[in-house]
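Peer 1: I need the structure of the sequence given here:
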Amino acid sequence: MSLKITIENGIKDAMRAKDADRLRALRAIKSMILLEETSGSSADGLSADAEMKILMKAAKQRRDSLEVYVAQNRPDLAEKEQAELAIIEEFLPKQLSDAELTAKITEIIAAVGATSPADMGKVMGAASKQLAGLADGKAISAKVSELLKK
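Peer 2: Below is the predicted model of the structure:
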């Protein structure tokens, strides 16, 4: 079942349950899907990869907003963002742990043949493709940088 249909069914369920946080998060995802579909980049619907990118983008937006609200001491807004982020993460694959991320990036570094921080671009290109949806871009970048400095 496509993400769009899953989200639409989730919206109906959230409306029946009168779950405002879930409804708001699902509507935001649906809006992003519709924007992507009408942008003209895909003629026959979105691929699974495009759907994953939309979900990652939505999760990143919520994390960034959450950081800002916490820094500005706005717990009311931070709580809403945290609730939406939890709902969005239900649709994402399980994120890699720190140890798993280290192991995967170590494999990628060996495969690419990187030896110094100057090779970060090569490693990031491969890591971003292989770990898409499994880890946050900031976490990947930080781990690649840390491992290449050793």
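Peer 1: residues in contact with whichever helix or strand Glu36 is part of?
Peer 2: Glu36 is part of helix 20-38, with elements assigned from DSSP states H and E. Here helix 20-38 makes contact (C-beta atoms under 8 Å, 6 or more residues apart in numbering) with 3-4, 7-8, 10-11, 14-15, 42, 45-46, 50-51, 54-55, 57-58, 80, 83-84, 87-88, 91. Glycine gets a C-beta too; all of them are placed from N, C-alpha and C.
Peer 1: again, only this time at 7 Å
Peer 2: Helix 20-38 has contacts (C-beta atoms under 7 Å, 6 or more residues apart in numbering) with 3-4, 7-8, 10-11, 14-15, 46, 50, 54-55, 57-58, 80, 83-84, 87-88.
Peer 1: now do the same contact list for the residue nearest the centre of the chain.
Peer 2: With the centre of the chain defined as its mean C-alpha position, the nearest residue by C-alpha atoms, centre = their mean is Met56, 2.2 Å away. Shown in contact with Met56 (C-beta under 7 Å, 6+ apart): Gly133.
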